[in-house]
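Student: Need coordinates for the following:
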Amino acid sequence: MLVDHIGAVFFPGAMGFRIIGRMSFPLFVWLLVQGEAHTRDVWRYGLRLAVLGVVSQPFYQLTFGIAQLNILFQLLLGLVCLRLARNFSRLQVPIWLCGGLLSHLLDLSYGSYGVGLIVLIRYIHRSLPLGLAWGGFHLIWTRLAGLFQLPAIAVPLLFWLTNGQRGPQARWFYGFYPGHLALLWLAQHLIVP
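Tutor: Just a heads-up that it's a prediction; the model follows:
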């Protein structure tokens, strides 16, 4: 993510930075799905995402010059959909369809693509079907939205290296996200006046 953002701010024409960055969102989605499954308090988890999304938003908009909502709001919507689908299993399809629609209406950073990744990671575990569904999803998505996210097609290889157990908490990310955006914005104004 940091490499992607450095590329977007300082080297917009260098696609190598952006290609590396395409791996980060699917990994955050995987962490979200694992976090929702293992959290003791989903409400606190959701509140943390919401508060940090709000704190990060001005830095996100200033750094990238866009009005779109940042990734933490996409993850918050995913968390809500995950928990609703868990608690209301007979309504899973409408919950996910509404999540995809809401992601577009709110202009979330990854839109329905983000919701689609959450669905794939939640329901298709570390297996060959995940790899096939993931590859197919990305090939279809590139036909609809372009090649930009195609490098994420390789991410399931990383999922297969995990043991499926709860790992150490990575709460540092919550401070890192708004912090790195603020530093990038500051550097952008100091280096490129």
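
Student: need the longest helix for this structure.
Tutor: For the chain, the helix with the greatest residue count under DSSP state H is helix 42-64.

Student: buried ones in the helix or strand that comes right after that helix?
Tutor: Counting by DSSP states H and E, the next helix or strand C-terminal to helix 42-64 is helix 71-87. Under the neighbour-count criterion of 16 or more other CB atoms under 10 Å, helix 71-87 has 71-85 buried. To be clear about C-beta, it is placed using only N, CA and C from the backbone, and glycine gets the same treatment.

Student: Same question for stretch 47-64.
Tutor: Buried residues in stretch 47-64 (16+ other CB under 10 Å): 48-49, 52-53, 55-57, 59-64.

Student: do the same with stretch 182-193
Tutor: 182, 184-185, 188.

Student: again with stretch 141-156
Tutor: For stretch 141-156, by 16+ other CB under 10 Å, it's 141, 149, 151-153, 155-156.

Student: Quick check: of those, which lies closest to Val42?
Tutor: Closest approach between the buried residues of stretch 141-156 and Val42, by CB to CB: Val155, at 24.7 Å.

Student: you'd agree the closest one is up against Phe28?
Tutor: No. Val155 lies out of contact with Phe28 (CB atoms under 8 Å); the separation is 10.7 Å.

Student: Put the alpha carbons of the worst-scoring helix or strand of the chain on mean pLDDT into PDB.
Tutor: Lowest on mean pLDDT, DSSP states H and E among the helices and strands of the chain sits helix 156-159, with a mean of 70. Extracted C-alpha coordinates of helix 156-159, given in PDB (Å, rounded to 0.1, in the frame of the first residue of the first chain):
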ATOM      1  CA  PRO A 156      -4.400 -16.500  -3.400                       C
ATOM      2  CA  LEU A 157      -0.800 -17.900  -3.500                       C
ATOM      3  CA  LEU A 158      -0.200 -15.900  -0.300                       C
ATOM      4  CA  PHE A 159      -3.400 -17.200   1.300                       C
END
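
Student: who does that helix touch, helix- and strand-wise?
Tutor: Secondary-structure packing of helix 156-159 (3 or more CB pairs under 8 Å, 6 or more residues apart in numbering; DSSP states H and E): helix 128-145.

Student: Who are the contact partners of the spatially most central residue of the chain?
Tutor: Nearest residue to the geometric centre of the chain (CA atoms, centre = their mean): Phe25, 3.8 Å. Applying CB atoms under 8 Å, 6 or more residues apart in numbering to Phe25 gives the contacts 1, 71, 110, 114, 117, 152.

Student: how about the residue nearest to Gln149 when sequence neighbours are not counted, phi and psi?
Tutor: For Gln149, ignoring the flanking residues on the chain, the nearest one in space by CB to CB, 6 or more residues apart in numbering is Arg22 at 5.7 Å. Dihedral pair for Arg22: phi -60, psi -20, per degrees, to the nearest 10.

Student: Run a quick neighbour tally on Arg22.
Tutor: 18 (other CB atoms under 10 Å).
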